[in-house]
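# Everything below, folded, please.
(2 chains)
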Amino acid sequence: MLHGVRLAVLSGWQSAEAGFDWFFGARGNPLRHLGAVAFLLFWIVAATGIYLYAVLDTSVDGVYRSIEHLSRDQWYFGGVIRSLHRYASDGFLLVMVLHLLRELLHGRLHGFRWFTWVSGVPLLWLSVAAGVVGFWIVWDQLAQFSAIASMEWLDALRLFAQPLTRNFLRPGAVTDRFFSLLVFLHIGLPLVLLLGIWIHIQRISRPDTRPVPWLTGGTLAALIMLSLVAPVRSLPAADLSIAPAELKLDWFYLAPNALMYRWSPLSLWWLAAGVTVVLVTLPWTARAERKMVAAVDPVNCNGCERCVADCPYAAITMKPREDRRQGARLPVVDPALCASCGICAGACPSSTPFRSIAELVSGIDMPQLPIGQLRSRLKVQVARLRGKVKIVVLGCDQAADVRVLQASDTAAVSLICAGQVPPAFVEYALREGADGVLVTGCKECDCAFRVGNTWTEQRLRGEREPHLRKTVSQRELRVVWAGNDQLRLRRELEVFRDQLALEPAAGTRVKGGRA
Amino acid sequence: MRKSFVFAGRVALYAVFASFIGVFASFPVYRHLAADEALLKLSFSHAAQLAHECRRRSPEELEKLAPNMRVPLDCSRERSPVTVELRLDGRMLAQRLARPAGLAHDGASTLYERFVVPAGEHELSVVLNDNARVTGATYQRDARVSLNPGQVLVVDFNPERGGILLQ
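Purely as a prediction, here's the structure:
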């Protein structure tokens, strides 16, 4: 039931992503780069916060006045900065929740991903805490409402000798020191948040933290426009002898305050604890299939470190060799971090199928689908091909199933990830008799293993090692990141076949070279 | 043509993003109190009287103690719980017992509670006992209060400032 709901929502989400792709392209699609957009918003909040701190008067009498002066007398700059600070904070929380939802829908939280998922949970609460404290600094009626509501919520746990709410009982109860404390918290909590984000991305190599320039510019421009059209204004100054009746609440951060009065403080605690427990335990709710991890073969490894550079999850490190080759180093795979994607095998120069050894063994390989077996499978399948235009399709298990394309004139080999395919396999398939090779996998910027299709594309374009030799012409190779779009894949295959039929090769390949 | 369409689409999607943030940053308006309601807050932090009478030590008992420990009175550290009753227009609004803090129950008894009440004229009655050795009220205050809509009336307790305080 839940699985069905997840798949249905995921389907809707992917349709939205496809729609956004049309306007932004995959590289600039905010829905595909939510983590990077969150980073951008965090830095906008930090930069604007530094300015606001510089002009803030932290005395009880001056704090409201200094912010009002900024918003009204200096609306063209200070007011925009203030609004930008607020709206970027709202956007940050929104994008964080969407990021969490996206990973949840894709089921990217089980197995080796548990650490990244679990370390993201406290970031949510830290963001809320840092944001809520920021509202109090303004010390208007909204601040008064939120501060008292939050204190009542904390008091429900009876952790403190005196109810914290007593600090807000009557006019005059709040002093300058309160605002010094708030500023300390409003700077300290985001710093802890930043530390948490750093921990969150520790098990990811080359994390996506910088959106492309047009996404950065567009997001910033949208928030500046919003700041000009609907500048943030304070409510009347706080007065503890009066309880404000109506409030323009910022629902992103202050909804829990309102919810507490609708329910009760303890109910809200149960909700917060329940959500936390559910989120933290989610990675273990589904039994993750324990896959075989990458294995290193010291005899065939020359220590080039390409597997280290290409591993998307920082699962491979280099250690000194213990055999006779003094000074050389050997990759070591951490089984707890390995995603079993095979991208390392695709990166290994010893994975080339042209090696003349009796049994093809790679320096680093996937035991469940070793390179040697892949070569044998490809060789057998190409040999069986008949027809005018013979095509080999190299696909991946994470995207559309390529095996359904198998036909008398089409050989289909599915890998764990498109990144597992060493570029030399394309040339090998052509030399064995194929007229063209179609490589497919997850959609652009949507690889199940983060970078499989990116690395493959770069390798095939000759921009990344191991690269595809220039002897393979562009007409013989087609790359289609179709994702799960089976129809598109089939269509592209037919277009490719028609093109190959119309434009025959300049020569005929034979084993060992072009004739 | 396609370029313009893509650009317009981008602008529209950014506008949706910004509008979503802009709207939920202040709407819908939250009504914390109705127009004819006020707030009554009952709160105190008070170290109540000792829970038990002190006992005078006999000369024999004092003799057994070290010279520097010969205090004539033997007093338990435990303090009384504070009981409080709050009535509004004769109707019981709250009847609470605040136990002293600490493992030895020797700390202050604290309480904080808020009540949403109708604005207007009310008869308020507060009865408080901070001594377990005394039956009935040790402090009592009856007052006629007038609450404006949205007004916060704090019922506090401080024996050094006259007992039950209405602020």
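# In three-state terms, label the nearest residue to residue A:349 once chain neighbours are set aside for me.
Nearest residue to residue A:349, sequence neighbours excluded (C-beta to C-beta, 6 or more residues apart in numbering or on different chains): residue A:466, at 5.2 Å. To be clear about C-beta, it is placed using only N, CA and C from the backbone, and glycine gets the same treatment. Using DSSP: H, G, I helix; E, B strand; the rest coil, the structure places residue A:466 in coil.
# where's residue A:466 relative to residue A:422, distance?
Relative to residue A:422, residue A:466 is positioned 6 Å away (C-beta to C-beta, to the nearest Å).
# Likewise for residue B:130?
For residue B:130, the distance to residue A:422 - C-beta to C-beta - is 83 Å.
# now residue A:141
Distance from residue A:141 to residue A:422, by C-beta to C-beta: 65 Å.
# if we can go back for a sec, okay, and the common contacts of residue A:466 and residue A:422?
Jointly contacting residue A:466 and residue A:422 under the rule C-beta atoms under 8 Å, 6 or more residues apart in numbering or on different chains are A:348, A:351-352.
# What about these, which one has the most neighbours?
residue A:351 (30 neighbours; other C-beta atoms under 10 Å in any protein chain shown).
# So that one is in contact with residue A:419, correct?
No - in this structure residue A:351 lies outside contact range of residue A:419 using C-beta atoms under 8 Å: 11.7 Å.
# So for these two, which residues contact both of them?
By C-beta under 8 Å, 6+ apart, no residue touches both residue A:351 and residue A:419.
# More neighbours: which of residue A:466 and residue A:422?
residue A:422 (26 against 18).
# The more buried one in helix, strand or coil?
Classified using three-state DSSP, residue A:422 is coil.
# show me what contacts the closest residue to it other than its chain neighbours?
With C-beta to C-beta, 6+ apart as the criterion, residue A:422 has its nearest non-adjacent residue at 4.1 Å, and that residue is residue A:351. Residues in contact with residue A:351 (C-beta under 8 Å, 6+ apart) are A:345, A:362-363, A:365, A:371, A:422, A:424, A:466.
# would JSON lines of the residues you listed with pLDDT be doable?
Shown next, in JSON lines, are the contacts of residue A:351 (pLDDT from 0 to 100):
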{"residue": "A:345", "pLDDT": "96"}
{"residue": "A:362", "pLDDT": "94"}
{"residue": "A:363", "pLDDT": "94"}
{"residue": "A:365", "pLDDT": "95"}
{"residue": "A:371", "pLDDT": "94"}
{"residue": "A:422", "pLDDT": "93"}
{"residue": "A:424", "pLDDT": "95"}
{"residue": "A:466", "pLDDT": "94"}
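# Can you lay out the residues you listed as CSV showing distance to residue A:207?
Converted to CSV, those look like this (distance: C-beta to C-beta, whole Å):
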residue, distance to residue A:207
A:345, 23
A:362, 27
A:363, 26
A:365, 26
A:371, 29
A:422, 26
A:424, 30
A:466, 24
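# tell me which element residue A:185 is part of?
Counting by DSSP states H and E, the element that carries residue A:185 is helix A:176-200.
# Count the residues that sit near the nearest residue to residue A:196 once chain neighbours are set aside.
Excluding the flanking residues, the one nearest residue A:196 by C-beta to C-beta, 6+ apart is residue A:123, at 5.0 Å. For residue A:123, the neighbour count with other C-beta under 10 Å is 20.
# what do you get for residue B:7?
Residue B:7 - counted by other C-beta under 10 Å - has 11 other residues nearby.
# Against which helices or strands is the host helix or strand of it packed?
Remark: residue B:7 resides in helix B:2-24, with elements defined by DSSP H and E. In terms of contacts (3 or more C-beta pairs under 8 Å, 6 or more residues apart in numbering or on different chains; DSSP states H and E), helix B:2-24 is packed against helix A:2-28, helix A:80-105, helix A:213-229, helix A:251-262.
# buried stuff in that helix?
B:10, B:13-14, B:17-18, B:21-22, B:24 (16 or more other C-beta atoms under 10 Å in any protein chain shown).
# Could you give the separation of it from the chain centroid?
49 Å (C-alpha atoms, centre = their mean, to the nearest Å).
# now what about it, what contacts it?
Here helix B:2-24 has contacts from A:20, A:22-24, A:30, A:87, A:90-91, A:94, A:218-219, A:221-223, A:225-226, A:229-230, A:250-252, using C-beta under 8 Å, 6+ apart.
# Check these one by one and keep those near chain B.
A:20, A:22-24, A:30, A:87, A:90-91, A:94, A:218-219, A:221-223, A:225-226, A:229-230, A:250-252 (C-beta under 8 Å from any C-beta of the partner chain).
# What's the PyMOL line that selects buried ones from those?
To isolate the buried members of the ones next to chain B among the contacts of helix B:2-24 in PyMOL, using 16+ other C-beta under 10 Å:
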select buried, chain A and resi 20+23+24+30+87+90+91+94+218+219+222+223+226+230+250+251+252
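# tell me the angle the helix holding residue B:7 makes with helix A:80-105.
Using axes from the mean of the first three to the mean of the last three C-alpha atoms, to 10 degrees, the direction of helix B:2-24 lies 100 degrees away from that of helix A:80-105.
# Could you list every helix and strand that the next helix or strand after helix B:2-24 packs against?
With elements assigned by DSSP H and E, the helix or strand that comes after helix B:2-24 is strand B:30-31. If contacts are counted by 3+ C-beta pairs under 8 Å, 6+ apart, strand B:30-31 sits against strand A:246-247.
# hmm, who's touching the strand it packs on?
Under C-beta under 8 Å, 6+ apart, the answer for strand A:246-247 is A:141-142, A:145, A:235, B:29-32.
# Make a markdown table out of these and add distance to residue B:92, pLDDT and neighbour count.
Below are these laid out as a markdown table (distance: C-beta to C-beta, whole Å; pLDDT from 0 to 100; neighbours: other C-beta atoms under 10 Å in any protein chain shown):
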| residue | distance to residue B:92 | pLDDT | neighbour count |
| --- | --- | --- | --- |
| A:141 | 32 | 96 | 22 |
| A:142 | 34 | 97 | 24 |
| A:145 | 28 | 97 | 24 |
| A:235 | 36 | 95 | 17 |
| B:29 | 34 | 96 | 9 |
| B:30 | 30 | 96 | 21 |
| B:31 | 28 | 95 | 14 |
| B:32 | 25 | 92 | 20 |
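# Going by distance to residue A:413, which of the residues you listed wins?
residue B:30 (59.1 Å; C-beta to C-beta).
# List, one by one, the residues from the stretch 201-350 of chain A near chain B.
Residues of the stretch 201-350 of chain A lying close to chain B (C-beta under 8 Å from any C-beta) are A:218-219, A:221-223, A:225-226, A:229-230, A:232, A:240-252, A:258, A:261.
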